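Participant: Please work out how this folds:
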Amino acid sequence: MMVTTPLMADKPNVILVMSDDQGWTQTGYYGHPLLKTPNLDDMAAKGLRMDRFYATAPMCSPTRAAVLTGRSNDRTGVFTVGDPINKQENLLSTAFREAGYATAHFGKWHLNGSNTPDHQIPISDPLNPGELGFDYWLSISTQFNLNPVLSRKGVPEQFEGDGSEVIVAEALKFISRETKKGRPVFVLVWYSTPHRVFEATEEDVAPYRDRTDKGSALQLGELAAMDRSIGTLRRGLRDLGIARNTLVWFTSDNGGLPDIDYGEHLGVHPDSTGHLRGFKKDLYEGGIRVPTIIEWPGTIEPRVSHYPSATTDIFPTLIDVAGLDSNAINAVNDGLSLAPVLANDEPARREVPMGFRVVAGRAWLDNDWKLVRNYTSGEDGEFELYNLVGDPSESNNLIRQRPDIAARMMKELSAWDASVERSIAGADYPSAEALPK
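Facilitator: Below is the predicted model of the structure:
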């Protein structure tokens, strides 16, 4: 349903910014003991800080699919890291392009089925960003750090400098060109920071080198450079005179990396998720609750929201905010519009619970309550029940004390799960089947 609010400017620019593996506590505004993020801190002070915003999945590609579709990742064919998205999906990028926007993607893509770090996305790739609604793209399938090689519409190009700063500089060039033409823009800036393998300049690492281990210092240096690039982006919008007609939505694709060693990977220190339980790949809060800020100067009132929301809400929200075709999103979707939240008319409760699936893991989040079976438990693992308001660390399992709530939520989760299974089979597509990838 279209919501008419003061948020609906005449074709506002929209920029979606996403970090990669940034944990809940890895910002200055959440009190990280070492990391300094002055630009994110300023953005949080001047925008809408969403303290209960969730990545739709605790890993990379699935959350990216959810951003572009408003649907749970499994519905789109992206079950785990590196899976290709179904080309039959209705995409946010296409909705913006059909509304007259210039669309562009910069940075990590990871929706084309390649899990190879040096994959440069040739123009022949049937799932390159240009085939999925983007007029312009400077992208790489997976990881990039210092001095990256990126594909400019299919042509590899070498750059110098920190990858985060490179893609923001290129994004601003695109935004400037389109602004001069009088066209609104829809832009994705998808970092690969602070995903392993860590790389950062000596200048960015220096403040942390003697305060933690080498790998952790490199990760914090990456985050410092990313934060600086966010400052460059915001300043660039002001310099172009379009900041007050531009919504910038910052979030992370999943929770942070663990502080324990596993395999060849050393833990990161200090802890990336703070008091939240779990890390990347977990369906506990540390794996899916992510730092999120929405800034729109002069339109969104600066404040902190505790309204539960997720990446699946981005598409329906932008339908309302940008006046996109309400039929642009698949009718079977998992989001709801946050336009009332952005307009400071926040509902007391979320009416539509949020479902999460990853491998055998399942979670069903209904306002204060969360039913969860972590992916490590297997399909026969037991579910747990937590009250997240009273117990955000998920330390007190109430499954036996509140069987009434558990039974209701289990029934709802089972119905949603069955719906997702129908989607996987292709029931939501005009052809009623998912085409081979």
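Participant: where does Leu188 fall, helix, sheet strand or coil?
Facilitator: Judged by DSSP: H, G, I helix; E, B strand; the rest coil, the three-state class of Leu188 is strand.
Participant: Now stretch 49-61: average pLDDT?
Facilitator: For stretch 49-61, the mean per-residue pLDDT is 97.
Participant: Buried residues, that stretch. List them.
Facilitator: By 16 or more other CB atoms under 10 Å, the buried positions in stretch 49-61 come out as 49-50, 52-61. All C-beta spots, glycine's among them, are computed from the backbone N, C-alpha and C.
Participant: got it, and stretch 10-24?
Facilitator: 11-24.
Participant: and of the residues you listed, the nearest to Thr317?
Facilitator: Nearest to Thr317 among the buried residues of stretch 10-24: Val14, at 10.0 Å, using CB to CB.
Participant: so where does that closest one fall, helix or strand?
Facilitator: strand 13-19 (DSSP states H and E).
Participant: Need the contact partners of that strand.
Facilitator: Strand 13-19 is contacted by residues 64, 67, 96, 101, 171, 175, 184-191, 193-194, 226, 230, 233, 237, 242, 245-253, 314, 318, 321-322 when judged by CB atoms under 8 Å, 6 or more residues apart in numbering.
Participant: which SS class is Arg357?
Facilitator: Going by three-state DSSP: Arg357 is strand.
Participant: For it, list the residues it contacts.
Facilitator: Counting by CB under 8 Å, 6+ apart, Arg357 touches 57, 72-74, 417, 420.
Participant: Just these: which are in helices?
Facilitator: Mapping those onto helices (DSSP state H) picks out 417, 420.
Participant: Whichever of the contacts of Arg357 end up buried, select them in ChimeraX.
Facilitator: Command for ChimeraX that selects the buried part of the contacts of Arg357, burial taken from 16+ other CB under 10 Å:
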select :57,72,73,74,420
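Participant: Name the nearest of the contacts of Arg357 relative to Leu220.
Facilitator: Checking those one by one against Leu220 (CB to CB), the nearest turns out to be Ala57, at 25.1 Å.
Participant: how far off strand 13-19 does the lengthiest helix in the chain point, in degrees?
Facilitator: Ranked by residue count and defined by DSSP H, the top helix of the chain is helix 214-239. Helix 214-239 and strand 13-19 are oriented at 170 degrees to each other (axes from the mean of the first three to the mean of the last three CA atoms, to 10 degrees).
Participant: Offset the numbering so it begins at 321, please.
Facilitator: Let's use 321 as the start, then, which means that last one is helix 534-559.
Participant: in helix 534-559, what counts as buried?
Facilitator: So, applying 16+ other CB under 10 Å, buried residues of helix 534-559: 535-554, 556-557.
Participant: Arg503: neighbouring residues, count only.
Facilitator: If you count neighbours by other CB atoms under 10 Å, Arg503 ends up with 15.
Participant: just so I have it, where are all the helices in the stretch 571-720 of the chain?
Facilitator: If DSSP state H, counting those that start in this stretch is used as the criterion, the helices of the stretch 571-720 of the chain fall at 605-608, 634-642, 659-662.
Participant: Tell me the one of the buried residues of stretch 330-344 nearest Pro723?
Facilitator: Trp344 (30.3 Å).
Participant: surely that closest one meets Tyr604?
Facilitator: No - when contacts are counted by CB atoms under 8 Å, Trp344 is not listed as touching Tyr604 (11.3 Å).
Participant: Could I get the pLDDT score of the most centrally placed residue in the chain?
Facilitator: In the chain, the centroid-proximal residue (CA atoms, centre = their mean) is Asp573; its distance is 3.8 Å. pLDDT, Asp573: 98.
Participant: what's the helix or strand for the residue nearest to it when sequence neighbours are not counted?
Facilitator: Spatial nearest neighbour of Asp573, excluding adjacent residues (CB to CB, 6 or more residues apart in numbering): Thr383 at 4.4 Å. In the assignment (DSSP H and E), Thr383 maps to helix 380-389.
Participant: Just give me how far that helix sits from the chain centre.
Facilitator: 7 Å (CA atoms, centre = their mean, to the nearest Å).
Participant: wait, doesn't Thr376 sit right on Arg395?
Facilitator: No - judged on CB under 8 Å, Thr376 makes no contact with Arg395 at a distance of 10.4 Å.
Participant: Are there residues contacting both of those two? Which ones?
Facilitator: Common contact partners of Thr376 and Arg395 (CB under 8 Å, 6+ apart): Asp654.
Participant: Glu732: neighbour count?
Facilitator: 15.
Participant: next one: phi and psi at it?
Facilitator: phi -70, psi -40 (degrees, to the nearest 10).
Participant: swap in Val475?
Facilitator: phi -110, psi 120.
Participant: Can you give me the distance of it to Glu621?
Facilitator: 44 Å (CB to CB, to the nearest Å).
Participant: Do a quick rundown of the strands in the stretch 421-570 of the chain.
Facilitator: Taking DSSP state E, counting those that start in this stretch to define them, one finds strands in the stretch 421-570 of the chain at 422-428, 456-460, 469-472, 475-478, 505-510, 566-572.
Participant: Return the residues in contact with Arg548.
Facilitator: 359, 484-485.
Participant: most surrounded residue in these?
Facilitator: Counting by other CB under 10 Å, top hit in these: Ser484 with 30 neighbours.
Participant: Help me confirm that that residue comes into contact with Thr513.
Facilitator: Yes - in this structure, Ser484 is within contact of Thr513 by CB under 8 Å, at 5.3 Å.
Participant: Residues that sit against both of the two, list them.
Facilitator: With CB under 8 Å, 6+ apart as the test, Ser484 and Thr513 both reach 542, 545-546.
Participant: can I get the residues you listed in TSV with pLDDT and distance to Trp689?
Facilitator: Below are those laid out as TSV (pLDDT from 0 to 100; distance: CB to CB, whole Å):
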residue	pLDDT	distance to Trp689
Glu542	98	36
Ala545	98	39
Met546	98	34
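Participant: surely Ala563 meets Ile495?
Facilitator: No - using CB under 8 Å, Ala563 is not in contact with Ile495, being 11.1 Å away.
Participant: okay, those two: which has more neighbours?
Facilitator: Taking other CB under 10 Å, Ala563 and Ile495 do not tie; Ile495 has more neighbours (23 against 18).
Participant: tell me the contacts of the more buried one?
Facilitator: 333, 335, 505, 507, 556-557, 560, 562.
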